[in-house]
Structures are given as C-alpha cells and as structure tokens.
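Trainee: build me a model from this:
(2 chains)
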There are 2 protein chains.
Amino acid sequence: MIRAAAARLEGHARLTPLLSSPFLDEIAGRQVWVKPECLQHTGSFKFRGGYAAISALEPQIRARGVIAYSSGNHAQGVALAAKMHGIEAVIVMPQDTPRLKIANTRAFGAEVVLYDRENEDRGAIGREIAETRGLSLIKPFDEPEVIAGQGSTGLEIARQARALGITQADVIVCCGGGGLSSGVALALEAEAPGLRVRTAEPEFYDDTARSLQSGWIESNARRGNALCDAIVTPQPGDLTFPILKRLAGAGLVVSDDEVLQAMGHAFNWLKLVAEPGGAVALAAALFRANEIEGDAVIVTITGGNVDPGIFARALDRLR
Amino acid sequence: MIRAAAARLEGHARLTPLLSSPFLDEIAGRQVWVKPECLQHTGSFKFRGGYAAISALEPQIRARGVIAYSSGNHAQGVALAAKMHGIEAVIVMPQDTPRLKIANTRAFGAEVVLYDRENEDRGAIGREIAETRGLSLIKPFDEPEVIAGQGSTGLEIARQARALGITQADVIVCCGGGGLSSGVALALEAEAPGLRVRTAEPEFYDDTARSLQSGWIESNARRGNALCDAIVTPQPGDLTFPILKRLAGAGLVVSDDEVLQAMGHAFNWLKLVAEPGGAVALAAALFRANEIEGDAVIVTITGGNVDPGIFARALDRLR
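Mentor: Numbers count the residues shown, from 1 in each chain, chains lettered A, B, ... in the order given. Predicted coordinates:
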C-alpha cells in the first residue's frame, strides 16, 4: 500500500531532500540528516496522507467530495489534495481557530464549517454534512491509506540514506497520532531494515513514549494549549500503535525550551522554518544524544506552519 | 566553462528545487517559481562560485591554499569549498565583523585574519599573506571561474523550467557585483533563450539598474550599513557588467520595507529563511508586477544568513 501510495503521489508531492550542517553534527555529536517536510506542499507532510487517501477512493465516491476535522495541517493537506483532484472538501474547524488558518484553508479551495467547541459536537455536525452530501471522511491518522501516504516519506528516506551509505541509524519522527511514524516504520522495515523509527514528543504529551514503555495505549492527562499544538493528540491510534509497538525503539521526549532551541538551530543552520511540533525530532537529536544509537541520525522536520509571534520566541533564544 | 563548472560541482553542491505557493502567485498576479539558494551549503549560492574557482586551480597551485576578502557569504563559501578540497583558506575580514560570522567561517576550517577598517589597507595585508604563503586569491564576483560556478544555478533553472513547461519568463536575480546574474544570464542564453535575467537591487544601491539604463558602469553614492548588506557593492564588475548589458532586461529596484515583507512571505508560504539581500528578487516579483513580463516568473532567494534580530523585524511586519 505504501508503494502504491508513493506511485500515486509521484509528480504531485514534493520529493524533499536530506539536508545537513556541520554545526548540527557538532551539537549532536554525530551526523544529523534532516528530512524537511516543512517544504512539502501546504507546509507539512500531511499533504501526503490527504492526497493518498483521496486518490485511493473509487472515482464515483471521490467525485462527491471529502470531509475532514482539523484546525491545522491536516485541514490544509486535505484541502489542497481535494483541489488537485477537482473535488469539494469540507473542513470542520472550531470557531476559535486563528483566522489565518481558516483563510488559508479556504484559499486552498475548501469549504470551512465552524463549530462552537464548548456547546456543539463536531462529530454530529460532520456526520450530518457527510451523510447529506455523500462526502467521504478523511481521518487524520488512524486510516490505512493515510498511513500509507505518510509512509511514502519513509520510502524516500530509505532511498536517500542508501545513497549516502547509511545502513544503520535511528530515524526520529515527530509523533502525534502516529500516522507518519507508523507509515515510516513500515516503509523502513521493507526497504531499510537497519533504520529504526524513534518517536519524538513534547513533555506532558508523551502518550506514545509511555505507551511504548507499558505496551498498552496510554493517554495524556493534559489537553490543549500546548506549544507543539500540531502533534498533541489524546493517545496513539488503534491502527498506528500496534505498528509502532512492533517496529519503533523507545520514545524520545523533549521540553518546550529544547523545541524552541531546535527551531533556532533550524533557522540558523538549515535556513528552514520549523513549527514547534515539527521541531521535536531535531530537538531530540540535538539534546538526547545519549538515548540515540549510531554514527548518524535522520530526523524529520514535519511542518513549518508557525505563527510569527511563536517563531519570534525561538529567535529570542538565539540572542 | 559553466557546463564544466557544473560538472565539477556535481555531488558537492546541492541541486536546489524550484518551489511555489498559490499564495505568492495570488500576490504577484502570475506563477512565481522560487530557486532557494538559501538551502545551498553555507546558506548561500556563494558556495558554488568558491567551489568552482578552487576546483579549477592547477592541483599544485591549489595545494598551497587560497585567500579571500569577505565578511559574509563569500567567506563561508570559500572556507567550506577549501575544506572539501583539503586545502587551507585564509579569509581577511574587518575587525568589526559580527562574532558569529567570524566563528562560522572558522568552523568551516578557515584561518581568519582581522584588520582595522579605519587604519589598515586590507589589500596590502592580503597581498603580503598571499605572496608569502603562495595562496591563490578567490575574488567574489569579477572572476571567470566564479561567474561560471554561479552560472551552474542557471543551468539548473533552465532544466527545471523546461520540465515545468516554462519557455518564456523573466528570471529575477538578486544582484550585488553581478557574479550570479551574469553567470545565470550566460547559462540561460545557451540553454533556455526564452528566459531573460532581470537584476533586482535595493533602492539607493541600484548601481546595476542605473548602469543598465545608461549603458556605462555607474556607482552608488551611499556605502555600507544597508539592510541588504550581502549585495551592496560599489558598482557592477568589469567582467559582469558587459554580460548583463548584452543579456539582461531593465533592472528592478525595491524598497527595504518591501524586502522585509518579502522575507515575511518566504517565511509564511515557503517556510524558508531569506536574508534581506536574498529577498530582493522575490520582493520585485511581488511588488513590481507591472515591470515584469509573462505568465510565470522565476526568482532566486540567494541566501539565508540573517541575524535573528533582523529576521524578527520581518516577522513584525506580518503581525
């Protein structure tokens, strides 16, 4: 499924490079290779899963359109993927979503439906629209075709690592619900068995790390208002977790301050804009070196959709 | 020479992609394609020229080492290119160069020689070191092998434009001494004659635009302390200007405020860090639309080496 998804994505998703800097190597104490999915269409890897899922629908089903619940990267990824297929996308978002994100999602051609987070049930709203209009729901991570689409990142990493002569390394993936981590883990299992996925999460939202440790799906006590909002989910997915349990190493956890520092290093040494949730893997490579194995490490920067005010905080840490 | 330089650079320079965003297209009123040389090694296109010039030296001459005068991107480009060739590089810099730039140049393996801008003649200092140690001078732009190295960017643009079906377009290049603009102009003349170079400069430092208009090399009245410091040179080069005069269209000129806005747009829509001098071409594409021809425009982002404090000013313009 991952190979099929990658074939459908070819010519539509960007093949992101592997970048490096001697300054990052110095900090991490090993070679650091960065897969910048912030350079992907819509500024995050989520475009891959959205496009893969939409392109996998039966044509007559797809023609009716799709629906997604998201205020963030998944919304924009699904919106653009739908536009590229010439179909309608409805995105259900909380009323208090920052206006710029709503405007961007609309600019990608989607119809945005707002709901009141306190008093309305987004599931009920979405289901009614979907049923009335015959729309297909594109889930953000716990969906095989979405995992397959995100896994195309792993096929690229396997090929790029091979070209660099890297056969043994940890591949650190920023982890929310686990769609990208599990997809990459499956791709590496098949194409580069010496590369092993390690999930990276912010502290207090380390559900995957704790789940990997206990062997059971664990939840976060804290909800919402996190710096790394793009990757804060209540718990790992029912489909994604068993994959990670079988294939991933121990989960890595970093602090918000380390995330801001990593964003500054991406600015300084890679000239890339990383969003907080997209910088946790780089933070882990730089500041958890003794929990990582091997002479080289590969990290994803999963997105770059960050408000200027938050990015300014990362810049302040450099001064 | 450009083709030969490109062949020597293969596997050493990064092949940067052409990126786009529907939001930039919307502002510019046409398709905008961005060549992000901020993602090049050392954060600017200058690595290409430094590497090309060093790799073109006779082996026994090269083995003695190289010298360059620069406090900026050329310094880092030459330093890393020398390191890759396993040879010494001496970089002559003013004492008041920001410490981070000195540290970075040293980190790329170069020996940094500082001089007092007020009381010492850098030419005399450099000549003495070069003669004593037998070092080859790598000039920043007015040197055929440097122009050829920068021109490799133009060969990539020609190939990438062809793959996108773009046969007629202006190619806007951030212009200081004209090494990149003239190299790209020559590459396009040979490989994509429907693509035409347009230089972009900041106002008050528009020596190339005025020179193109008068047909003679004109100088800037203002010196130093410019926002776009990386591309502020007194006047076009003796080698570069005749090439631009023959091949380039009218020069484009933008304000500092437009440059800061363009940096913000690169942050928002491309997730790229552009330095002020590296953002003038994008600013011209966005804010001088009526001086540009065609349905598509290609712009270079020539570098990303910007201080956090200046980048924060660009972010402030977004809020």
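
Trainee: from now on I want contacts and neighbour counts done on CA atoms only, so please keep to that.
Mentor: Noted.

Trainee: what is the least confident helix or strand in chain A?
Mentor: The least trusted helix or strand in chain A, going by mean pLDDT, DSSP states H and E, turns out to be helix A:99-107, with a mean of 88.

Trainee: what's the following helix or strand after that helix?
Mentor: Sequence order places strand A:111-115 as the next helix or strand after helix A:99-107, per DSSP states H and E.

Trainee: what's the angle between that next one and helix A:99-107?
Mentor: 140 degrees (axes from the mean of the first three to the mean of the last three CA atoms, to 10 degrees).

Trainee: related to what we said a few turns ago, report the backbone C-alpha coordinates of the least confident helix or strand of chain A in PDB.
Mentor: Taking Å, rounded to 0.1, in the frame of the first residue of the first chain, the C-alpha atoms of helix A:99-107 are listed here in PDB:
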ATOM      1  CA  ARG A  99      -8.200  33.500  11.300                       C
ATOM      2  CA  LEU A 100      -5.200  33.000   9.200                       C
ATOM      3  CA  LYS A 101      -5.500  29.200   9.300                       C
ATOM      4  CA  ILE A 102      -9.200  29.500   8.300                       C
ATOM      5  CA  ALA A 103      -8.300  31.800   5.500                       C
ATOM      6  CA  ASN A 104      -5.500  29.600   4.300                       C
ATOM      7  CA  THR A 105      -7.800  26.500   4.200                       C
ATOM      8  CA  ARG A 106     -10.400  28.500   2.300                       C
ATOM      9  CA  ALA A 107      -7.700  29.700  -0.100                       C
END
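
Trainee: which of the residues in that helix are buried?
Mentor: Buried residues in helix A:99-107, counted by 16 or more other CA atoms under 10 Å in any protein chain shown: A:101-102, A:104-107.

Trainee: distance from that helix to the middle of the chain?
Mentor: Relative to its chain's centre, helix A:99-107 lies at 19 Å (CA atoms, centre = their mean, to the nearest Å).

Trainee: which residues does that helix contact?
Mentor: A:71-72, A:75-76, A:79, A:112 (CA atoms under 8 Å, 6 or more residues apart in numbering or on different chains).

Trainee: okay, now the domains of chain A?
Mentor: A:2-44+A:144-316, A:46-137 (automatic domain parsing).

Trainee: out of these, deepest packed?
Mentor: With neighbours defined as mean count of other CA atoms under 10 Å in any protein chain shown, the domains of chain A peak in mean count at domain A:2-44+A:144-316, which reaches a mean of 22.

Trainee: quickly check: that one near chain B or not.
Mentor: Yes: using CA under 8 Å from any CA of the partner chain, domain A:2-44+A:144-316 reaches chain B at A:21, A:38-39, A:41, A:43, A:267-274, A:304-305, A:308-309, A:312, A:315-316.

Trainee: and those, which of them are in helices?
Mentor: Residues of the residues of domain A:2-44+A:144-316 next to chain B located in helices (DSSP state H): A:308-309, A:312, A:315-316.

Trainee: and stretch A:164-182, how far apart are its ends?
Mentor: Distance between the two ends of stretch A:164-182: 23 Å, counting by CA to CA, to the nearest Å.

Trainee: returning to what we had before: out of the buried residues of helix A:99-107, which is nearest to residue B:297?
Mentor: Minimum distance to residue B:297 across these is 21.2 Å, recorded for residue A:107 (CA to CA).

Trainee: just the helices in chain A please.
Mentor: A:2-9, A:22-28, A:46-56, A:59-62, A:73-84, A:99-107, A:122-133, A:144-163, A:179-191, A:207-214, A:240-247, A:256-265, A:280-287, A:308-316.

Trainee: between these, which one is closest to residue A:198.
Mentor: helix A:179-191 (7.9 Å).

Trainee: centre of the chain to the closest one, how far?
Mentor: Averaged C-alpha coordinates place helix A:179-191 at 13 Å from its chain's average position (CA atoms, centre = their mean).

Trainee: turn the helices of chain A into TSV, columns for distance to residue B:289.
Mentor: Below are these laid out as TSV (distance: least, CA to CA, whole Å):
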stretch	distance to residue B:289
helix A:2-9	33
helix A:22-28	39
helix A:46-56	30
helix A:59-62	38
helix A:73-84	26
helix A:99-107	21
helix A:122-133	41
helix A:144-163	37
helix A:179-191	40
helix A:207-214	49
helix A:240-247	48
helix A:256-265	33
helix A:280-287	39
helix A:308-316	26
